[in-house]
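here are the coordinates; sequence isn't available:
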């Protein structure tokens, strides 16, 4: 075999090596593209669902001799038919429990005032239930520390 034969063999090996490298790299790129597409679809689906969700929460703070329970909607839609239940019997409300209420708009809140005295429990559980465009009877449960 002459120099031309070796050149032909080396050229053929180089082409085969390039083709193998290309196909391996192409397969890796396609797999990554599939994963990226799946991630994007999942993200889009979650965003579409979140647009339908109200997200309610509660904060407790003191103001003078009273405690304030602030029920807030940090979601993107109106919360409807909001109900608040406590895990203990409360005779500490300054005002009557205003719940159930018809709705709380996004980025808005309502408050319940409770008196703080020696009989006020150190903590209590609260369950907030509401309806929104995503589902009915969605709930969040929290524990409130009063001291």
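Thanks, I have the structure now. If you're wondering where the values come from, they're calculated on a predicted model, not measured in any experiment.

Every contact and neighbour count from this point should use C-alpha atoms.
Will do.

Just give me the residue closest to the centre of this protein.
Centroid-nearest residue in the chain: residue 50, 7.8 Å away (criterion: CA atoms, centre = their mean).

In space, what's closest to that residue - neighbours in sequence excluded?
Setting aside the residues directly before and after it, residue 50 is nearest to residue 76 in space (CA to CA, 6 or more residues apart in numbering), at 7.3 Å.

where does the one you found land in three-state SS?
At residue 76, secondary structure determined by DSSP: H, G, I helix; E, B strand; the rest coil is coil.

Let me see the backbone angles for it.
Residue 76 adopts backbone torsions of phi -100, psi -10, taken as degrees, to the nearest 10.

Tell me where this structure has strands.
In order along the chain, the chain carries the following strands (DSSP state E): 56-63, 66-73, 79-86, 101-104, 109-115, 123-131, 138-145.

Switch those strands over to a markdown table; also include mean neighbour count and distance to residue 15.
As requested, the strands of the chain are arranged in a markdown table below (neighbours: other CA atoms under 10 Å; distance: least, CA to CA, whole Å):
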| stretch | mean neighbour count | distance to residue 15 |
| --- | --- | --- |
| strand 56-63 | 17 | 63 |
| strand 66-73 | 20 | 63 |
| strand 79-86 | 19 | 65 |
| strand 101-104 | 16 | 68 |
| strand 109-115 | 18 | 69 |
| strand 123-131 | 18 | 64 |
| strand 138-145 | 15 | 62 |
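
Export those as JSON lines, with columns for mean pLDDT and distance to residue 37.
Formatted as JSON lines, the strands of the chain follow (pLDDT from 0 to 100; distance: least, CA to CA, whole Å):
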{"stretch": "strand 56-63", "mean pLDDT": "92", "distance to residue 37": "32"}
{"stretch": "strand 66-73", "mean pLDDT": "91", "distance to residue 37": "32"}
{"stretch": "strand 79-86", "mean pLDDT": "92", "distance to residue 37": "33"}
{"stretch": "strand 101-104", "mean pLDDT": "93", "distance to residue 37": "36"}
{"stretch": "strand 109-115", "mean pLDDT": "86", "distance to residue 37": "38"}
{"stretch": "strand 123-131", "mean pLDDT": "91", "distance to residue 37": "32"}
{"stretch": "strand 138-145", "mean pLDDT": "92", "distance to residue 37": "31"}
